[in-house]
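Asks: turn this into a structure:
(2 chains)
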Amino acid sequence: DVKVTQSSRYLVKRTGEKVFLECVQDMDHENMFWYRQDPGLGLRLIYFSYDVKMKEKGDIPEGYSVSREKKERFSLILESASTNQTSMYLCASSLVGGANYGYTFGSGTRLTVV
Amino acid sequence: DQQVKQNSPSLSVQEGRISILNCDYTNSMFDYFLWYKKYPAEGPTFLISISSIKDKNEDGRFTVFLNKSAKHLSLHIVPSQPGDSAVYFCAEGSNYKLTFGKGTLLTVNP
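Replies: The predicted structure is shown next:
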């Protein structure tokens, strides 16, 4: 069964900490994405990557960075965590030219910054 | 400005009846619209999509209608089942990227 795996389901971090959220996919997908989901705001794109070592800003990149050293792994980095980054973080992957833009999502990481 | 709008935060229907979820959009240059379904504590899962050259797509109990002149699409679920209770997101696809709406919480009452 193909999947996108996010390393943690729940995380609690302190304000100012550097936080790493890891995402691994086993489908050989070229595209990978990081979204955050907040009540009343839906899913908002933070960063995405079309290929290894490539990254593009999404709609809300401030306070975040990403790393894609290998095709299967896409990491989201919170350089200095703040309370307004408390959220559900969702990783997704898709094929370039894939039919219907079919994203496969991970189960999400619920991050709480205290 | 929000490109994809789901103006109803929630919808409640009786089991066996029709559920209609609506979505409005502003960008005419899209390839696909998609609907995703999300249960709490899980990632969204793909439900159904429609390309820009069609006005209807059907898959079992789920049908999506696209009205390009009105820039409006809707998802019909017939008949609705309690297991359909979830948050539904519409999403616009262009340049291999999806832009999501804010979601509609559907509750199907037994």
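Asks: and stretch B:36-50, is it in reach of chain A?
Replies: Yes. Stretch B:36-50 comes into contact with chain A (Cβ under 8 Å from any Cβ of the partner chain), by way of B:Tyr36, B:Ala41, B:Glu42, B:Gly43, B:Pro44, B:Thr45, B:Phe46, B:Ser49. In this view, the C-beta of every residue, glycine as well, is placed from N, C-alpha and C.
Asks: okay, now the unreliable bits of the chain?
Replies: As the question left the chain open, I've gone with chain A. Within chain A, the segments meeting pLDDT under 70 span A:1-2, A:96-101.
Asks: not quite, go with chain B.
Replies: B:1-2.
Asks: so which bits of it are right by chain A?
Replies: Checking chain B against chain A by Cβ under 8 Å from any Cβ, the hits are B:6, B:9, B:31-32, B:34, B:36, B:41-46, B:49, B:51, B:89, B:91, B:93, B:96-103.
Asks: now intersect those with the helices, please.
Replies: Using DSSP state H to define helices, no part of those is located there.
Asks: among these, which ones are buried?
Replies: B:6, B:32, B:34, B:36, B:43-44, B:46, B:49, B:89, B:91, B:93, B:96-103 (16 or more other Cβ atoms under 10 Å in any protein chain shown).
Asks: in strands, which of the residues you listed appear?
Replies: B:Tyr32, B:Leu34, B:Tyr36, B:Phe46, B:Ser49, B:Phe89, B:Ala91, B:Gly93, B:Lys97, B:Leu98, B:Thr99, B:Phe100 (DSSP state E).
Asks: for chain A, which residue gets nearest to chain B?
Replies: Here the residue of chain A nearest chain B is A:Phe105; by Cβ to the nearest Cβ that distance is 3.2 Å.
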